[in-house]
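Undergrad: Sharing a model that was predicted from the sequence below.
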Amino acid sequence: MAGHSKFKNIMHRKGRQDAVRSKLFSKLSREITVAAKAGMPDPAMNPRLRLAIANAKAESVSKDLIDRAIKKAQGGDAETYEDIRYEGFGPGGVGLIVEVLTDNRNRTAANVRSIFSKNGGNMGESGSVSFMFDRVGRIVYPLTAGSDEKLMEAAIEAGADDVESDEEGHTVYTAFEQLSDVAQALEGSLGEPKSTSIVWRPKSLTPLTGDAVSTLMKLIDALDDDDDVQNVYSNEDISEAELEKLAS
């Protein structure tokens with residue numbers, strides 16, 4: 001679940017979307033199980049579970065699959081997973097944050113380190129990259145939710161910090177502590193969002209051109225393909241011309 005829509009467009013053009021869908025379902029189900037095990041199995045009383053279910057529904061995960069993931073946590077047979085964050089650098093000094101859920105810390109650390117080293121990157125120490133990002137709430141709406149102006153007005157009224165609109169849709173950012181309140185306010189004025197999540201947002205972007213673009217793509221794809229990796233965030237700045245060149 002990489003953090004950049006431009007990369008998702010490239011993945012779609014290259015036909016990777018179907019290949020990654022089953023892995024995506026697995027990762028979303030795992031997050032639901034972990035959230036349900038860590039707190040109450042009722043989403044109304046468990047904010048993390050509520051977010052996990054909302055994001056699963058946004059990706060068309062069936063109700064049966066969601067229910068099974070919750071029951072797995074209640075049954076006591078679910079593995080004990082750890083939330084771990086790895087940080088590292090890709091080509092051109094691009095910063096990467098990798099969030100994992102793992103039942104074997106040693107295995108995952110070795111796998112992530114190997115993926116970095118085999119794909120033009122290198123692991124960093126904890127804190128070596130995260131200072132370049134803000135931990136924020138992100139609420140995504142489709143273009144059908146309204147005009148740029150409508151979204152901006154609704155976001156201001158809800159107490160959000162920023163809105164970005166493009167051909168993909170509208171993305172509202174807020175302090176992660178206020179995510180639940182802002183999401184609830186926006187739902188009242190705009191309807192149900194496409195997704196709601198807590199993410200790492202780059203404070204600034206690192207320009208990337210030439211061969212480094214395809215190398216970074218391979219690195220992010222390889223990280224996303226690992227079963228333990230839940231999310232990958234990066235701070236690259238790639239022009240549309242470079243992306244078109246890569247897609248051709």
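TA: Received it, and whenever you're ready, just let me know what you need. Keep in mind that what you see is a predicted model, and the values were worked out from it rather than measured. Residues are numbered from 1 along each chain as shown.

Undergrad: next one: the helix or strand that contains residue 220 to chain centre, how far?
TA: Per DSSP states H and E: residue 220 is located in helix 211-225. The chain centroid and the centroid of helix 211-225 are separated by 16 Å under Cα atoms, centre = their mean, to the nearest Å.

Undergrad: Just the strands from the protein, written as ranges.
TA: Listed in chain order, the strands of the chain (DSSP state E) span 82-89, 95-102, 122-124, 133-141, 162-166, 169-175, 195-202, 206-207, 229-234, 236-237.

Undergrad: So which bits of stretch 55-70 are buried?
TA: Under the neighbour-count criterion of 16 or more other Cβ atoms under 10 Å, stretch 55-70 has 55, 56, 57, 58, 61, 66, 69, 70 buried. Quick note: C-beta positions are derived from backbone N, CA and C, even for glycine.

Undergrad: Next one: the first one relative to residue 197, how far apart?
TA: With distances defined as Cβ to Cβ, to the nearest Å, the gap from residue 55 to residue 197 amounts to 6 Å.

Undergrad: Domain parsing of this protein, as residue ranges.
TA: What automatic domain parsing lists as the domains of the chain is 5-74, 82-108+204-247, 143-193.

Undergrad: Save those as JSON lines, and put in mean pLDDT too.
TA: Below are the domains of the chain laid out as JSON lines (pLDDT from 0 to 100):
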{"stretch": "domain 5-74", "mean pLDDT": "78"}
{"stretch": "domain 82-108+204-247", "mean pLDDT": "91"}
{"stretch": "domain 143-193", "mean pLDDT": "93"}
